[in-house]
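>>> Sequence and computational prediction follow.
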Amino acid sequence: MSRPPLTLVVDALHELLDDRAIDTPGPVDAETRLFGRAGLLDSLGLVTLVVAVEQAIADEYGVSVSLADDRALSQRNSPYRTVGSLAEYAAGLLDGAVSGG
């Protein structure tokens with residue numbers, strides 16, 4: 001059984017934070033801010049996380065998704081704000097890729 005996108009994002013973020021020795025102010029969950037005001041990551045960290053999540057999705061589900069596309073960048077509410085918003089965006093792309101859309 002495949003891990004859900006939220007778990008993939010949390011796992012990838014934990015690995016990135018460990019690699020960069022970044023302390024979290026509390027437990028990592030859907031509300032954890034990734035980028036922007038009070039976010040854990042700078043722009044390079046965010047790019048690294050996005051690539052790691054894309055790879056995790058490819059490994060876990062056998063499909064390729066692009067989390068950094070025009071659709072993501074043009075949304076009124078950025079999918080990169082929180083762990084939950086990134087996981088939700090990834091789930092939507094994953095649903096489309098799995099269903100062939």
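Thanks, I have it.

>>> so how many other residues sit close to T48?
17 (other CB atoms under 10 Å). (C-beta placed from N, C-alpha, C; glycine too.)

>>> I should have written G84 there, sorry.
Residues near G84, counting by other CB under 10 Å: 18.

>>> Can you show me the CA trace of the helix or strand bottoming out on mean pLDDT in the chain as CSV?
Across the helices and strands of the chain, mean pLDDT, DSSP states H and E gives its lowest value to helix 70-74, namely a mean of 81. Taking Å, rounded to 0.1, in the frame of the first residue of the first chain, the C-alpha atoms of helix 70-74 are listed here in CSV:
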residue,chain,number,x,y,z
ASP,A,70,2.7,27.3,-14.2
ARG,A,71,-0.5,26.2,-12.5
ALA,A,72,1.1,26.0,-9.1
LEU,A,73,2.9,29.3,-9.6
SER,A,74,-0.3,31.1,-10.7
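
>>> how about the helix or strand following it: buried residues?
Moving toward the C-terminus from helix 70-74, the next helix or strand (DSSP states H and E) is helix 83-98. Across helix 83-98, burial judged by 16 or more other CB atoms under 10 Å covers 83-87, 89-91, 93-94, 97.

>>> how distant is helix 83-98 from the center of its chain?
9 Å (CA atoms, centre = their mean, to the nearest Å).

>>> neighbours around the nearest residue to L93 once chain neighbours are set aside, how many?
The shortest distance from L93 to any non-neighbouring residue, by CB to CB, 6 or more residues apart in numbering, is to V65 (4.3 Å). By other CB under 10 Å, the residues close to V65 number 21.
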